[in-house]
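Trainee: Structure, please.
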Amino acid sequence: MHIAIAGNIGSGKTTLTSLLSKHYKWDPHYEDVDDNPYLNDFYQDMQRWSFNLQIYFLNSRFNQILDIRKSGKEVIQDRTIYEDAFIFAPNLHSMGLMTTRDFENYFTLFNLISSFIEPPDLLIYLRASIPTLVNQIQKRGRKYENSIRLDYLKRLNERYEAWIESYNLGRMLIVDADNYNFPDNSEDLSTVIDKINAELHGLFQ
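Mentor: Numbering: from 1, shown residues only. Down below sits the predicted model:
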């Protein structure tokens, strides 16, 4: 079984992944942030490093999905391969931060890779407003994220909403992150767990 959590930067994906992996004894697979050799450079000069970053993420997530399927374990994944292709890369392209040539090259590669993978059994989308995202980003204090602009987060949110509206690869649960405080409120976490149980029960009846 493969559960994946999707959501904008600062929506709480990693926190929820950790909490759910503990509760369900699922094997967590986190986004490769600390070892990513492009992130710092990307936030300093998005135009120069956008293609390199997206190719790195594509490769990293493809390998992650292969590991998940090979493991035969019940897995929860922090962010999906689809978010890069349908949200981050096209957003960079539309902002003029990735050339059309690079974007088309990237998307051709994504289409090839996606033909070899299966979507998650359940996608959990963390929907969060800009104030919530900004608050979470400031709380965790990653230096390279200090330069993220509000308009960048807003554009990403708009693309997330459009993607979620058209998502048809499998089961999906939308969680309004503005209304839940997972780390500090066990009742909030229990509510989300109840919603997940309802989805999983429907999945495996």
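Trainee: can you pull the contacts of residue 32?
Mentor: 57, 60, 64 (C-beta atoms under 8 Å, 6 or more residues apart in numbering). No exception for glycine: its C-beta is placed from N, CA and C like everyone else's.
Trainee: now do 10 Å
Mentor: By C-beta atoms under 10 Å, 6 or more residues apart in numbering, the contact set of residue 32 is 39, 56, 57, 59, 60, 61, 63, 64, 78, 79.
Trainee: How much space separates the last one from residue 17?
Mentor: By that I understand residue 79. Distance, residue 79 to residue 17, using C-beta to C-beta, to the nearest Å: 9 Å.
Trainee: what touches both of the two?
Mentor: Contact with both residue 79 and residue 17 is made by residues 4, 5, 29, 30, 31, according to C-beta under 10 Å, 6+ apart.
Trainee: quick one: which of the residues you listed sit in strands?
Mentor: 4, 5, 29 (DSSP state E).
Trainee: Chain neighbours aside, what residue packs nearest to the residue nearest to the spatial centre of the chain?
Mentor: By C-alpha atoms, centre = their mean, the chain has its centre lying nearest to residue 79, at 2.6 Å. Once flanking residues are discounted, residue 79 sits nearest to residue 31: 4.8 Å by C-beta to C-beta, 6 or more residues apart in numbering.
Trainee: Identify each buried residue in the lengthiest helix in the chain, please.
Mentor: Of all segments of type helix in the chain, defined using DSSP state H, the longest is helix 46-71. With burial defined by 16 or more other C-beta atoms under 10 Å, the residues of helix 46-71 counted as buried are 46, 49-51, 53-58, 61-62, 64-65, 68.
Trainee: Residue 142: which of those is nearest?
Mentor: Comparing these against residue 142 with C-beta to C-beta places residue 53 closest, at 15.1 Å.
Trainee: Good, wrapping up.
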